[in-house]
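*Asks:* got a sequence here, can you build the structure:
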Amino acid sequence: MGRMSRRTFALAAVSTLVKAPGAAAEGGTVLARRTAQGGREPRSAAAMRGVWIATVGNRDWPSRPGRTAAEQRKELIAHLDRAVRDRLNTVILQVRPTADALWPSPYEPWSEWLTGTQGVNPGWDPLGTAVTEAHARGLELHAWFNPYRIANHADPGRLAATHPARKHPAWVVPYGGRLYYNPGLPEVRAFVQRAMLDAVARYPVDAVHFDDYFYPYPVAGQTFDDDDAYDRHGGAFPSRAAWRRDNIDTLVRETAAGIRRVRPGTRFGISPFGVWRNATTDSRGSDTRAGVETYDDLYADTRKWVREHWIDYLVPQLYWHIGNAAADYAELLAWWAGVAQGGKTHLYIGEALYRAGAAGQPSAWRDPVELSRHLTLAARHPQVRGHVFFAARDLAADRIGAMARVVADHYREPARPPR
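*Replies:* This is a model prediction of the structure:
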């Protein structure tokens with residue numbers, strides 16, 4: 001969730017872990033997928049079967065910037081058709097990768113990943129098309145937003161002239177060679193919510209989806225400079241860390257309320273890094289030895305969001321093999337199942353399809369059965385209601401047949417998405 005998206009940019013900061021990561025459709029979610037002959041296939045019980053489509057850096061789609069509108073549309077349809085072929089029921093499309101837009105937004109410029117130049121109209125409406133075409137195939141479309149990332153470089157002059165970050169330079173924090181909006185500024189939080197909710201108001205997306213970027217991943221020797229914001233807004237908190245966590249909590253709560261206001265029935269899901277805290281840090285944490293803990297390093301109290309039911313679903317990125325010494329998939333699976341037990345927030349598991357058969361991965365990922373074993377293990381935990389695979393390019397390539405094995409072992413019949 002390597003990748004030119006939410007997970008690749010964290011690699012340098014996670015030394016002990018390998019890390020690459022809404023309203024119902026009009027007329028209701030399609031509950032049956034049509035076969036090529038026009039009939040209806042029987043469905044198994046409800047379960048999330050999703051795939052991420054990352055657009056940042058042209059990771060999954062479009063294959064490169066500057067393709068014609070027809071070519072981009074054809075590639076997008078191919079990803080949707082592949083999801084149907086593998087009996088998935090949900091696509092999670094990244095529509096705001098770097099404080100930009102894959103729809104005609106009045107708040108932010110067109111994404112550079114479409115045309116190669118930020119702010120240039122691509123000549124079509126990618127998000128509108130994606131919603132229509134996904135629903136026509138019986139797929140849910142979850143709109144994936146990154147709240148605070150502005151750019152994967154540190155030069156404001158490279159942004160479109162109309163970019164809000166250029167109009168409001170006080171909102172921007174350079175860090176780790178990149179640009180971020182400052183989560184500690186109420187005016188920033190209000191702006192990013194307006195920008196994201198514009199898409200929810202325009203399109204019948206089935207869910208709003210955040211990934212794992214809140215405060216940025218730690219970069220050795222660098223400090224995220226939010227001193228002024230902390231001086232102005234942090235006085236009521238016992239520490240900067242507590243203030244930062246409250247900033248993210250507030251974003252989550254306010255976004256949830258905004259979604260309910262703009263398009264009731266649309267769900268809200270978040271896909272965080274898979275480790276909340278290590279047990280050596282907090283007795284409530286998992287038996288892991290992660291180099292990053294979301295609570296302490298990203299200031300995201302993901303466990304709290306589940307237990308308080310601020311969000312409708314959580315997809316922790318459990319991107320490690322069974323038996324991993326630092327972060328065992330089996331241990332984290334059981335830990336998250338325990339967090340979700342008795343609650344209303346659905347638990348889905350983020351799966352590292354991108355690692356199966358990829359160069360430089362541990363030997364476990366050279367076994368095409370490893371991913372299928374994950375689903376077998378998860379089936380023992382009734383709290384787990386499905387899986388989401390990273391990502392679309394890897395679904396299409398299926399280098400060693402790992403996804404084909406998942407389909408053969410677990411997805412013999414279609415399934416409707418959980419509601």
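*Asks:* show me how far stretch 274-288 is from its chain's centre.
*Replies:* When C-alpha coordinates are averaged (CA atoms, centre = their mean, to the nearest Å), stretch 274-288 and its chain have centres 22 Å apart.
*Asks:* stretch 238-251 now?
*Replies:* 21 Å.
*Asks:* same question, stretch 73-93
*Replies:* The answer for stretch 73-93 is 16 Å, by CA atoms, centre = their mean.
*Asks:* buried sites along it?
*Replies:* Applying a neighbour-count criterion of 16 or more other CB atoms under 10 Å, one finds 73, 75-76, 79-80, 82-84, 86-93 buried in stretch 73-93. In short, each C-beta sits where N, CA and C put it, glycine included.
*Asks:* farthest pair in these?
*Replies:* Greatest spatial distance among the buried residues of stretch 73-93 (CB to CB): Arg73 and Arg87, at 23.6 Å.
*Asks:* nearest to Glu133 among the buried residues of stretch 73-93?
*Replies:* For these, the closest approach to Glu133 (CB to CB) belongs to Leu80, at 5.7 Å.
*Asks:* for the closest one, give me its contacts.
*Replies:* With contacts defined as CB atoms under 8 Å, 6 or more residues apart in numbering, the neighbours of Leu80 are Val91, Ala130, Glu133, Ala134, Arg137, Leu139.
*Asks:* then the one helix or strand it maps to to CSV, C-alphas only?
*Replies:* Assigned by DSSP states H and E, Leu80 belongs to helix 69-85. Provided in CSV are the C-alpha atoms of helix 69-85 (Å, rounded to 0.1, in the frame of the first residue of the first chain):
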residue,chain,number,x,y,z
ALA,A,69,-8.6,10.0,-22.3
ALA,A,70,-9.6,6.9,-24.2
GLU,A,71,-6.4,5.0,-23.3
GLN,A,72,-6.8,5.9,-19.6
ARG,A,73,-10.4,4.8,-19.6
LYS,A,74,-9.5,1.5,-21.3
GLU,A,75,-6.9,0.8,-18.7
LEU,A,76,-9.3,1.6,-15.9
ILE,A,77,-11.9,-0.7,-17.3
ALA,A,78,-9.4,-3.5,-17.6
HIS,A,79,-8.6,-3.2,-13.8
LEU,A,80,-12.4,-3.3,-13.1
ASP,A,81,-12.8,-6.3,-15.3
ARG,A,82,-9.9,-8.1,-13.7
ALA,A,83,-11.5,-7.5,-10.3
VAL,A,84,-14.7,-9.1,-11.6
ARG,A,85,-12.8,-12.0,-13.1
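*Asks:* other SSEs contacting the helix or strand just after that helix?
*Replies:* Counting by DSSP H and E, the element after helix 69-85 in chain order, helix or strand, is strand 90-96. For strand 90-96, the elements it packs on are strand 48-53, helix 69-85, helix 126-136, strand 140-145, helix 186-202, judged by 3 or more CB pairs under 8 Å, 6 or more residues apart in numbering; DSSP states H and E.
*Asks:* strand 90-96 pairs with which strands, and in what direction?
*Replies:* The strands that strand 90-96 pairs with in its sheet are strand 48-53 (parallel), strand 140-145 (parallel) (by DSSP bridges).
*Asks:* so which of those strands comes closest to Ala378?
*Replies:* strand 48-53 (11.2 Å).
*Asks:* helices along the stretch 201-350 of the chain, start to end?
*Replies:* Here the stretch 201-350 of the chain has its helices, by DSSP state H, counting those that start in this stretch, at 227-233, 240-262, 302-307, 329-340.
*Asks:* and of those helices, who's closest to His153?
*Replies:* Per CB to CB, nearest to His153 of the helices of the stretch 201-350 of the chain: helix 227-233, 22.7 Å.
*Asks:* and that closest one, what's buried?
*Replies:* For helix 227-233, by 16+ other CB under 10 Å, it's Ala229, Tyr230, His233.
*Asks:* how near is the second one to Ile349?
*Replies:* Between Tyr230 and Ile349 the distance is 35 Å, computed by CB to CB, to the nearest Å.
*Asks:* check Val275 too.
*Replies:* 14 Å.
*Asks:* and Asp226, what does it touch?
*Replies:* Val173, Asn182, Pro183, Gly184, Arg240, Arg244 are the contacts of Asp226 under CB under 8 Å, 6+ apart.
*Asks:* for the fourth one, give me the pLDDT.
*Replies:* Think Gly184. As predicted, Gly184 sits at a pLDDT of 98.
*Asks:* okay, now it: neighbour count?
*Replies:* 25 (other CB atoms under 10 Å).
*Asks:* please name the nearest non-neighbouring residue to it.
*Replies:* Excluding the flanking residues, the one nearest Gly184 by CB to CB, 6 or more residues apart in numbering is Ala229, at 3.5 Å.
*Asks:* now swap in the second one and tell me
*Replies:* Nearest residue to Asn182, sequence neighbours excluded (CB to CB, 6+ apart): Val173, at 5.0 Å.
*Asks:* isn't the one you found right next to Tyr180, touching?
*Replies:* Yes - between Val173 and Tyr180 there is a contact under CB atoms under 8 Å: 5.1 Å.
*Asks:* which residues are common contacts for those two?
*Replies:* Counting by CB under 8 Å, 6+ apart, the residues touching both Val173 and Tyr180 are Phe224.
*Asks:* wait, which of the contacts of Leu80 is closest to Leu197?
*Replies:* Nearest member of the contacts of Leu80 to Leu197, counting by CB to CB, is Ala130, at 17.8 Å.
*Asks:* would you confirm that the closest one contacts Leu93?
*Replies:* Yes - counting by CB under 8 Å, Leu93 is a contact partner of Ala130 at 5.3 Å.
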